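Okay, sequence plus prediction incoming.
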Amino acid sequence: MLQLPDSPSCMKKLASVEDSYELCRQITAKYAKTFYPGTLLMKEAKRRRAMWAIYAWCRRTDELVDGPAAAITTLETLDRWEQHLESVFAGHPLEDYDVALVDALQNFPLEIQPFRDMIAGQRMDLCWSRYKTFEELHLYCYRVAGTVGLMSTAVMGVDTTRDTAAWNQDKEPYIPTDEAIALGIASQLTNILRDVGEDARRGRIYIPLEDLAKFNYTEQDLFNGVVDDRWRELVRFQIRRTREVYAKAEKGISYLAPSARLPVWSALILYSQILDRIERNQYDVFRQRAYVPNLQKLCSLPTALLRAQVL
Ligand SMILES: CC(C)=CCC/C(C)=C/CC/C(C)=C/CC/C(C)=C/COP(=O)(O)OP(=O)(O)O
């Protein structure tokens, strides 16, 4: 169980940088069944480890609202977590996990704002259990996942050799910020569809209520796990919209540093295969978890490799 420390740990001897990265790797491997395999494809250990440090922080943030201790989390807990974040950004780790993040912050141009935005996403989760419009859901997805795209891009780096034409020498490299955010948002929208049943059991509905209304499907239908033509049409619509967001993300990958393209293509393919699974399961996300088997994950590697080289 991940929890905030009860008291400042200034007297405590913290983990070494190495041990802290290992703790972060373990959390990532344990929880991020889609994200972690992507990080394993990153060639440079320094970048790979930084991704784990970021994921571990994101996971701990998420756990405050979604984990076993969620019942005691209040807005004040999240305020304290934000102060904890400030301390990490000031170079003062408070817990073992923070040591790796402090190290990553020294190596990569990570900004604090996406981290703050993610905490704002958890505040939304704490206070909201419904989203009226896609715009509201989009903001939530930016905060809890689009931010991961921003953090990741800072670690992976961009291609500085792309615009080398003589007439273009002074031009700054294009930073695919919107596309990176898009991949986070598309992954989150995918996870929302996959987890509809699980979320309903917690009284939560992430699919925008305006979409339920459009397809004449009620909240009660959703809580009852009704799979009929209305539901299938509704999910088809969600899948179509999510694929458009993936398509936007794809356009940014060739602007990333060459070594980042394979892991990002691989993550994109793995997340979008969850949508294919939902289709294969006839849109029944209530009784069957849309999950991509490890063998299929492995079989996607050549496609990712090809796209990373050609696109
Ligand atoms: C496309 C460009 C230009 C850059 C990519 C930048 C990157 C790497 C973005 C990654 C964004 C991403 C995949 C965020 C993940 C957010 C998310 C839904 C995490 C959920 O993780 P978990 O539910 O803990 O575990 P899974 O890995 O099993 O989904």
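Cool, got the structure. Numbers count the residues shown, from 1 in each chain.

what does the stretch 1-150 of the chain put close to the ligand?
Counting by C-beta under 6 Å from any ligand atom, the stretch 1-150 of the chain comes close to the ligand at 31-35, 145, 148-149. (C-beta placed from N, C-alpha, C; glycine too.)

And for the stretch 151-300 of the chain?
Taking C-beta under 6 Å from any ligand atom, the part of the stretch 151-300 of the chain that reaches the ligand is made up of 152-153, 176, 179-180, 183-184, 187-188, 191, 249, 252-253, 256, 264, 267.

Quick check: which element contains the nearest residue to residue 147 once chain neighbours are set aside?
Once flanking residues are discounted, residue 147 sits nearest to residue 114: 3.9 Å by C-beta to C-beta, 6 or more residues apart in numbering. Element membership for residue 114, per DSSP states H and E: helix 112-127.

Same question for residue 242.
Element membership for residue 242, per DSSP H and E: helix 229-250.

would you put the C-alpha positions of the next helix or strand after that helix in CSV?
Once the chain leaves helix 229-250, the next helix or strand it forms, by DSSP H and E, is helix 258-280. Taking C-alpha atoms only, helix 258-280 is exported to CSV below (Å, rounded to 0.1, in the frame of the first residue of the first chain):
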residue,chain,number,x,y,z
PRO,A,258,15.4,8.4,-32.9
SER,A,259,15.9,6.1,-29.8
ALA,A,260,12.5,7.1,-28.5
ARG,A,261,10.5,6.2,-31.5
LEU,A,262,10.4,2.4,-31.0
PRO,A,263,9.3,2.5,-27.4
VAL,A,264,6.6,5.1,-28.2
TRP,A,265,5.3,3.3,-31.2
SER,A,266,5.2,0.2,-29.1
ALA,A,267,3.3,1.8,-26.3
LEU,A,268,0.9,3.4,-28.8
ILE,A,269,0.3,0.0,-30.6
LEU,A,270,-0.2,-1.8,-27.3
TYR,A,271,-2.7,0.7,-25.9
SER,A,272,-4.7,0.8,-29.1
GLN,A,273,-4.9,-3.0,-29.3
ILE,A,274,-7.0,-2.8,-26.2
LEU,A,275,-9.6,-1.1,-28.4
ASP,A,276,-9.3,-3.9,-30.9
ARG,A,277,-10.0,-6.4,-28.0
ILE,A,278,-13.1,-4.5,-26.9
GLU,A,279,-14.4,-4.9,-30.5
ARG,A,280,-13.5,-8.6,-30.5
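
follow-up on the earlier one: just the buried residues of the helix holding residue 114, please?
114-122, 124-126 (16 or more other C-beta atoms under 10 Å).

what comes up buried for the helix or strand following that helix?
Remark: after helix 112-127, the chain's next helix or strand is helix 134-141, criterion DSSP H and E. By neighbour count, with 16+ other C-beta under 10 Å as the criterion, the buried positions of helix 134-141 are 134, 136-141.

now helix 134-141: mean pLDDT?
For helix 134-141, the mean per-residue pLDDT is 98.
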